[in-house]
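A.B. asks: need a 3D model of the sequence below.
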Amino acid sequence: MAVGSAVGVVYSKHKSRRLFIQLQDLQQERDQLKTEWGRLQLEQGAWATHGRVERIARERLEMRIPRQGDVVILSVDSQ
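C.D. replies: This next block holds a predicted model:
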């Protein structure tokens with residue numbers, strides 16, 4: 001009985017250590033992913049700034065703000 005109990009304790013300790021190491025690895029991976037997520041959010045914010053979008057619209061798409069004479073306002077009668 002004593003030998004069986006000792007083997008059980010050794011097995012439990014070994015399993016516990018393996019699980020603890022796995023937990024530490026997963027926590028480290030979580031921390032790295034959180035860091036990357038924060039960096040990606042900052043990058044997205046930089047790419048989506050109003051000035052950048054407007055500049056790309058002008059340069060690549062040849063868009064421009066319409067002149068006053070180019071604007072037509074339509075009204076719909078709801079009768």
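
A.B. asks: moving C-terminal of the helix ranked longest in the chain, what's the next helix or strand?
C.D. replies: Counting residues, the longest helix found in the chain (DSSP state H) is helix 2-47. Once the chain leaves helix 2-47, the next helix or strand it forms, by DSSP states H and E, is helix 50-59.

A.B. asks: contacts for that next one, please.
C.D. replies: Outside of helix 50-59, the residues within contact range by CB atoms under 8 Å, 6 or more residues apart in numbering are 46, 63, 64. From N, CA and C alone the C-beta is placed, and that goes for glycine too.

A.B. asks: contacts only, for the first one.
C.D. replies: Read it as residue 46. Per CB under 8 Å, 6+ apart, neighbours of residue 46: residue 52.

A.B. asks: likewise the last one?
C.D. replies: If a contact means CB under 8 Å, 6+ apart, then residue 64 has residue 58 as its contacts.

A.B. asks: backbone phi and psi for it, please?
C.D. replies: For residue 64, the backbone dihedrals (degrees, to the nearest 10) come out as phi -150, psi 160.

A.B. asks: ok, it to residue 56 distance?
C.D. replies: In this view, residue 64 and residue 56 are 13 Å apart by CB to CB, to the nearest Å.

A.B. asks: now swap in the first one and tell me
C.D. replies: Distance from residue 46 to residue 56, counting by CB to CB: 13 Å.

A.B. asks: same deal with the second one?
C.D. replies: Here residue 63 is placed at a distance of 9 Å from residue 56 (CB to CB).
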